[in-house]
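Colleague: Prediction below, plus the sequence it came from.
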Amino acid sequence: MSEKSPPEKSTNLPRRQWLKAAGVAAAAGGLALGVRQANAGAANTASTDDGVLDVAIIGAGLAGLTAARDLQLAGCNSFVVLEARDRVGGRTLNYNIEGGYVSEVGGQWIGPGQTAVADLARQLEVGTFPTYYDGKTVILGGDGRMEIDLKGTFGTDEAVSGKLSQLSRDVPSGAPWKSPKVGELDKLSVGDWLAKQNIKPEDRFGWNASITLSGGAMPAKMGLLHFLSMINSADRDYSQLDSIKHSAQETRFIGGSQILSIKMAKQLGDKVRLSTPVRAISGWDRDVVTLQTDHGEVRARKVIMAIHPALCQQVQFNPPLPEKRAALQRAWPAHSPARKTAMVYRRPFWRDKGLNGHIIQASGPVIWAFDNSPPGGEIGVINAFVVNAQLPSEQDAAKSILTELYARAWGHEALSPVAYHDQDWSRGDPWTITCVSAIPPGFWSAHGEALRPPCGNLIWSGTETAEIWAGYMDGAVRSGHQASLQVLNALRRA
Ligand SMILES: Cc1cc2nc3c(=O)[nH]c(=O)nc-3n(C[C@H](O)[C@H](O)[C@H](O)COP(=O)(O)OP(=O)(O)OC[C@H]3O[C@@H](n4cnc5c(N)ncnc54)[C@H](O)[C@@H]3O)c2cc1C
């Protein structure tokens, strides 16, 4: 990785040669496998005889880096990754703890069906381990405290979740707006729908926690059609979305999820330019697109936009984007992102008491606290998703409120943490506008068709564009593969 912008290379090596080879691999449907063979016979560097790169990728999150890695594996070397931040990984971020341990304060879990990110991890030789959930969860409500063995679930009612799973069959994950029931389903929020399910008042907070964690917003703000498309991704089974066991929160990465991006960036070397936000894009409808960055201009034939749709709004386009695409970007919810905390203890002492380190709080700052210790439990780490408005932003005050709450749950040992990290994604920098997109009712009906079609030489990528597991790390990786294929095919035809 470099922070400076090296001049674009100008060579006369046979670009056509790798394009042809890569096209064969892409057509065979197995880019990651096929390109290794392509690479062997193809030239290592593509032609940029006019100072114009073949591809510029915006964003060094999982999507952008996966796309870049695929291009490199395909033998295409005429590309650059432009990243606004001074680090890679985007919405994945490791908090480094003394002793070489990490705890993730962004995206962290994967689960069944998330094969793209799992494959990537295998290729990068990143190991995985199971999320810890053995023992009882503590439920806190008012002054009350209860211990319950949820057996790796959130305890949501099986009859109601079964109905959601059933309804999701009619809502294609990658194109919810194509559901035959779009008119009926996209009118409602998940909250509207739940209100008709006779859920007991004492069970409502469990549903609120489950949906807020999976979808990024309270049920009242989440479109039913969108939520059903998420369940459709999870093999049309709500329990594969919201639980730990056999579900999307089942597995963690050794070394933390950001390690995937760090490893990819290392392989890409100085093709990744940090601290280089793209501010403006002009000529996207012409053969050569010009990108204005804080470190000068970059020109490229194709541009992969591997950033959140709402962040595309911060880029100035000349000419303006077609109205349908512009409207999608304007309307995309860009609410305050999540806040995730990590409290570090010498040991996971709660495990000795038969507790799993999980807390669900009925009303209060903690939505869900969970054991995020390293694989061997050498130290104890409790991470928590918290309600920003209910926890002071001042870190010492926040830490003190949380330790007292943890002491209520697990005893006085909780009052003596050795470290604390507080990651409020709405502060620090403007590059995370939302964590997972909570799409409101009506959005997909109005804007869905504008999600993926390229605009001129701009190819839309990033997890939000994935056909399955959109919003997840897996979706990001899938969207990166998809974008690199689109680019390789387009360049081949050019
Ligand atoms: C708190 C939290 C918890 C989550 N939990 C999970 C989880 O457990 N499991 C899971 O699968 N997913 C989870 N997610 C979601 C997951 O992290 C994301 O889906 C995934 O990382 C998105 O990858 P991406 O590459 O599409 O986008 P990003 O990671 O957002 O990457 C986009 C990159 O583009 C950069 N950028 C933006 N604008 C510009 C610009 N103009 N110029 C240059 N660069 C720009 C950004 O800085 C960023 O690095 C969570 C996210 C958060 C924040």
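Modeller: Now that the structure is in, tell me what you want to look at.
Colleague: use CA for all of it now, contacts and neighbours both
Modeller: Fine.
Colleague: which bits of the stretch 51-200 of the chain sit near the ligand?
Modeller: 58-64, 82-85, 88-92, 105-110 (C-alpha under 6 Å from any ligand atom).
Colleague: What's the separation between the residue nearest to Trp460 when sequence neighbours are not counted and Ile367?
Modeller: Leaving out its chain neighbours, the residue that sits closest to Trp460 by C-alpha to C-alpha, 6 or more residues apart in numbering is Met305, at 5.0 Å. Met305 is 33 Å from Ile367, where distance means C-alpha to C-alpha, to the nearest Å.
Colleague: returning to that earlier point: just the ones in strands from the residues of the stretch 51-200 of the chain next to the ligand, please.
Modeller: Ile58, Leu82 (DSSP state E).
Colleague: Report the buried members of the residues of the stretch 51-200 of the chain next to the ligand.
Modeller: 58-64, 82-85, 88-92, 105-110 (16 or more other C-alpha atoms under 10 Å).
Colleague: Give me the below-cutoff pLDDT ranges for the stretch 251-400 of the chain.
Modeller: The model of the stretch 251-400 of the chain has pLDDT under 70 over residues 336.
Colleague: can you map out the helices along it?
Modeller: 258-268, 309-312, 323-331, 395-410 (DSSP state H, counting those that start in this stretch).
Colleague: Please apply the same query to the stretch 101-250 of the chain.
Modeller: 115-123, 158-168, 182-185, 190-195, 201-215, 224-233, 239-242.
Colleague: how about the ones you listed in CSV, adding mean pLDDT and mean neighbour count?
Modeller: Below are these laid out as CSV (pLDDT from 0 to 100; neighbours: other C-alpha atoms under 10 Å):
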stretch, mean pLDDT, mean neighbour count
helix 115-123, 98, 17
helix 158-168, 95, 17
helix 182-185, 97, 16
helix 190-195, 95, 17
helix 201-215, 83, 19
helix 224-233, 97, 29
helix 239-242, 93, 24
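Colleague: Which one of those helices lies nearest to Glu147?
Modeller: The closest of the helices of the stretch 101-250 of the chain to Glu147 is helix 201-215. By C-alpha to C-alpha, the value is 14.3 Å.
Colleague: so what's Cys82 bridging to?
Modeller: Small correction: residue 82 is Leu, not Cys. Ile58, Arg273 (DSSP bridges).
Colleague: Verify the stated contact: it with Leu274.
Modeller: Yes - if you go by C-alpha atoms under 8 Å, Leu82 and Leu274 touch, sitting 6.5 Å apart.
Colleague: quick one, what contacts Lys221?
Modeller: Contacts for Lys221 were tallied using C-alpha atoms under 8 Å, 6 or more residues apart in numbering; they are Ser189, Val190, Gly191, Ala438, Ile439, Pro440, Pro441.
Colleague: ok, so of those residues, who is nearest the ligand?
Modeller: Ala438 (11.7 Å; C-alpha to the nearest ligand atom).
Colleague: May I ask which helix or strand encompasses that closest one?
Modeller: Take DSSP states H and E as the rule and Ala438 turns out to sit in neither a helix nor a strand.
Colleague: How many neighbouring residues does it have?
Modeller: Around Ala438 there are 24 other residues, counting by other C-alpha atoms under 10 Å.
Colleague: try the one 3 residues further on
Modeller: Other residues within reach of Pro441 by the criterion other C-alpha under 10 Å amount to 22.
Colleague: Which strand residues bridge the closest residue to it other than its chain neighbours?
Modeller: Nearest residue to Pro441, sequence neighbours excluded (C-alpha to C-alpha, 6+ apart): Gly223, at 3.9 Å. Applying DSSP bridges to Gly223 gives these bridge partners: Ser189.
Colleague: How about the contacts made by Gly223?
Modeller: Contacts for Gly223 were tallied using C-alpha under 8 Å, 6+ apart; they are Asp186, Lys187, Leu188, Ser189, Val190, Ala438, Ile439, Pro440, Pro441, Gly442, Phe443.
Colleague: can you put those in CSV and add distance to Phe317?
Modeller: What follows is the contacts of Gly223, written out as CSV (distance: C-alpha to C-alpha, whole Å):
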residue, distance to Phe317
Asp186, 31
Lys187, 32
Leu188, 34
Ser189, 33
Val190, 35
Ala438, 26
Ile439, 25
Pro440, 26
Pro441, 28
Gly442, 26
Phe443, 23
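Colleague: Between which two of those is the distance greatest?
Modeller: Lys187 and Ala438 (15.0 Å).
Colleague: hang on, the earlier thing: mark which of the contacts of Gly223 are buried, thanks.
Modeller: Using 16+ other C-alpha under 10 Å, the buried ones in these are Asp186, Lys187, Leu188, Ser189, Val190, Ala438, Ile439, Pro440, Pro441, Gly442, Phe443.
Colleague: Flag whichever of those scores worst on pLDDT.
Modeller: Minimum pLDDT for these is recorded at Ala438 (84).
Colleague: wait, what's in contact with it?
Modeller: Applying C-alpha under 8 Å, 6+ apart, the residues near Ala438 are Gly215, Gly216, Ala217, Lys221, Met222, Gly223, Pro333.
Colleague: hmm, back to that, pLDDT at the residue nearest to Pro441, what is it?
Modeller: So Gly223 comes in at 96 (pLDDT).
Colleague: What of Lys20?
Modeller: Lys20 carries a pLDDT value of 51.
Colleague: go on, the one 10 residues further on?
Modeller: The confidence metric pLDDT takes the value 38 at Gly30.
Colleague: Show me what from the stretch 201-350 of the chain comes close to the ligand.
Modeller: Pro277, Val278, Arg279, Ala306, Ile307, His308, Leu311, Val315, Ala338, Lys340.
Colleague: The fifth one touches Ile459, doesn't it?
Modeller: Think Ile307. No - look at Ile307 against Ile459 with C-alpha under 8 Å: they stay out of range, at 10.9 Å.
Colleague: Look at these two and report which has more neighbours.
Modeller: The neighbour comparison of Ile307 against Ile459 (other C-alpha under 10 Å) goes to Ile307, with 26 against 20.
Colleague: wait, what's in contact with the more buried one?
Modeller: So Ile307 contacts Ile58, Gly59, Gly64, Ser461, Gly462 (C-alpha under 8 Å, 6+ apart).
Colleague: repeat that with 7 Å
Modeller: Ile58, Gly59, Ser461, Gly462 (C-alpha atoms under 7 Å, 6 or more residues apart in numbering).
Colleague: returning to that earlier point: mean neighbour count and distance to Lys163 for the helices of the stretch 251-400 of the chain - can I get that in JSON lines?
Modeller: Below are the helices of the stretch 251-400 of the chain laid out as JSON lines (neighbours: other C-alpha atoms under 10 Å; distance: least, C-alpha to C-alpha, whole Å):
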{"stretch": "helix 258-268", "mean neighbour count": "20", "distance to Lys163": "36"}
{"stretch": "helix 309-312", "mean neighbour count": "21", "distance to Lys163": "31"}
{"stretch": "helix 323-331", "mean neighbour count": "17", "distance to Lys163": "30"}
{"stretch": "helix 395-410", "mean neighbour count": "17", "distance to Lys163": "33"}
